[in-house]
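In: return atomic coordinates for the entry below.
(2 chains)
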There are 2 protein chains.
Amino acid sequence: MIELALQSLMLKMPQPTNTAIMVIGGAEDKVHGRDILRSFFVRAGGEDARIAIFPCASREPVVIGERYHTIFTEMGAKAIEVLNICDRAQCNDPILQEYVRNCTGIFMTGGDQLRLCAMLSDTPIMEIVRTRAQSGSVTLAGTSAGAAVMGHHMIAGGGSGESPNSSLVDMTLGLGIIPEVIVDQHFHNRNRMARLMSAVSAHPDLLGIGIDEDTCALFEGDGTLQVLGKGTVTIIDPGEMTYTNRAEVGLADPLCICNLRVHILSQGCRYDLNKRLSASCPQ
Amino acid sequence: MIELALQSLMLKMPQPTNTAIMVIGGAEDKVHGRDILRSFFVRAGGEDARIAIFPCASREPVVIGERYHTIFTEMGAKAIEVLNICDRAQCNDPILQEYVRNCTGIFMTGGDQLRLCAMLSDTPIMEIVRTRAQSGSVTLAGTSAGAAVMGHHMIAGGGSGESPNSSLVDMTLGLGIIPEVIVDQHFHNRNRMARLMSAVSAHPDLLGIGIDEDTCALFEGDGTLQVLGKGTVTIIDPGEMTYTNRAEVGLADPLCICNLRVHILSQGCRYDLNKRLSASCPQ
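Out: Okay, the predicted model is just below:
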């Protein structure tokens, strides 16, 4: 009886030291070690996790929702709901809101970030997700499109194989969960350095975060970012940018961007978002 | 008679304010404005230029040599020789050496940088080219493979679409004309940022210079670099690199490279190689 009461109490308590916002670069291992997904599962509370899966970035939300449902079930999660929102009106549903308010882990799948934003932007459910993630009362993960939406400014699309230029990247508004970053995913895999540099040159107050496939930038509650996975997380810091010509040239003209600071971080590296330093490195 | 004597005297005088080393990212315009090739022609002395073309990076040296011969002839150059060196022994030929010693412009074509180095490295002719280019007594240009060879350390080949890692780039020795740089070409066009970053992480005393197609990094005698052409020149400066894991990880493992400084420069921008600052930008 005391044990049950304690468990009940624990469930209601925030877990600030364990929760995280996990921004995954897409194509995370779903078959073998599943390291990144397992980290999400653990951070969400392990076998006690109550997980909400948002598959709405995908055009096959039932299939992809089911896939993650199976994975987290196999890991031992007992409470998992796939919230297949395909109409913004569903975001007013008090039962869905209640589940999101009480879950311990939220997972946003890949697909199209514009579709995800179209379903969730400025809805009551998104407000619950954002507030809970920012206050550290839930572990939130997003992969691929689910990662792209994390910033206030979002990359909707773009190209590669060109000199940096303004038309190389299409910007729009994201879900604003980590407002101070612009996220790009499948990063080195799809050669997206030039497009992310083009993006940050327009927003020198933000930080560009490029995340490779099967790699995760894990934002801790203490203002640090930790790297998990097979690839790298690239930080493009325009905070000391001395000059850009972007206001003076045409959209397709090559950009001049002077004095970016760049960090390539691999598994186990940490980055201090407040000091803007690679915290795990000798300074 | 006096005019002839003066001309003869002029021809023997170095022209330190006009000469340059022009490092071209490949695919320079050969048909329309020909801006970069025309800059080379002018820097080499215009109609008074005596040009030496080294086509030996190419497997079709006669064809490519002829192509540039035609271009510079059309511009008005009267003395042009294609030095089709296909055997290192030719580099001992005193007639070829004499031509290279007295020419005002040297142009190295594209092809395979390994082939170019195999023909020219450590030969008497190369020694003349290097010494004259470094002392500013000739204008030297190299495009694509002819650009890649400029550094002491040279990128022989590599890949893209991967997290930075040591095996993403094959390094060997170049011709050492600008020893303090590692040149990469077709840069953003072929998405080579990750390979150049991988390369500079092994040589933090050097500067990575990535040059886009139809773009030229023009090294002036005063220690500045100027950008000409349609794309960008990317400077990767590892001088303040605080950490890399490259000594501790396997060749294919993702690299951690902390604190690179990056400048993207477009037409008209200048960079001070001694101060390592974008000289044309407000600091």
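In: for burial, what's the neighbour tally of A:Pro46?
Out: In this structure residue A:46 is Gly, not Pro. 15 (other C-beta atoms under 10 Å in any protein chain shown). For glycine as for every other residue, the C-beta is placed from the backbone atoms N, C-alpha and C.
In: where does chain A dip in pLDDT?
Out: A:1-17, A:280-283 (pLDDT under 70).
In: dump the longest strand along it to PDB, keeping only the CA atoms.
Out: Identified as the longest strand of chain A according to DSSP state E is strand A:257-266. Provided in PDB are the C-alpha atoms of strand A:257-266 (Å, rounded to 0.1, in the frame of the first residue of the first chain):
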ATOM      1  CA  ILE A 257      29.700  35.000 -44.400                       C
ATOM      2  CA  CYS A 258      32.700  36.000 -42.300                       C
ATOM      3  CA  ASN A 259      33.800  34.400 -39.100                       C
ATOM      4  CA  LEU A 260      31.600  31.500 -38.200                       C
ATOM      5  CA  ARG A 261      32.700  29.200 -35.400                       C
ATOM      6  CA  VAL A 262      32.100  25.500 -36.100                       C
ATOM      7  CA  HIS A 263      32.300  22.500 -33.900                       C
ATOM      8  CA  ILE A 264      32.000  18.900 -35.100                       C
ATOM      9  CA  LEU A 265      31.100  16.700 -32.100                       C
ATOM     10  CA  SER A 266      30.900  13.000 -31.900                       C
END
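In: walk me through which strands it pairs with, and which way each runs.
Out: strand A:232-237 (antiparallel), strand A:243-244 (antiparallel), strand B:257-266 (antiparallel) (DSSP bridges).
In: near chain A at all, whatever helix or strand comes next after the last one?
Out: Proceeding C-terminally, strand B:257-266 gives way to strand B:270-272 as the next helix or strand, assigned by DSSP states H and E. No - when contact is scored as C-beta under 8 Å from any C-beta of the partner chain, no part of strand B:270-272 falls within range of chain A; the minimum is 8.9 Å.
In: just give me the neighbour total for A:Glu81.
Out: A:Glu81: 16 neighbours (other C-beta under 10 Å).
In: surely it and A:Ile51 touch.
Out: Yes - between A:Glu81 and A:Ile51 there is a contact at 7.4 Å, judged by C-beta atoms under 8 Å.
In: what's around the closest residue to A:Asp253 other than its chain neighbours, how many residues?
Out: With sequence-adjacent residues excluded and distances taken as C-beta to C-beta, 6 or more residues apart in numbering or on different chains, A:Asp253 is closest to A:Asn165, at 6.0 Å. For A:Asn165, the count of nearby residues is 24 (other C-beta under 10 Å).
In: right, and A:Asn165 touches A:Leu255 too?
Out: Yes - using C-beta under 8 Å, A:Asn165 makes contact with A:Leu255 at a distance of 5.6 Å.
In: who touches both of those two?
Out: The contact sets of A:Asn165 and A:Leu255 overlap at A:Ser198 (C-beta atoms under 8 Å, 6 or more residues apart in numbering or on different chains).
In: contacts only, for the residue nearest to A:Asp253.
Out: A:198, A:251-255.
In: in helices, which of those fall?
Out: When the contacts of A:Asn165 are checked against helices (DSSP state H), the matches are A:Ser198.
In: just the buried residues from the contacts of A:Asn165, in ChimeraX please.
Out: Applied in ChimeraX, the following selects the buried portion of these according to 16 or more other C-beta atoms under 10 Å in any protein chain shown:
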select /A:198,253,254,255
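In: good, we can wrap up now.
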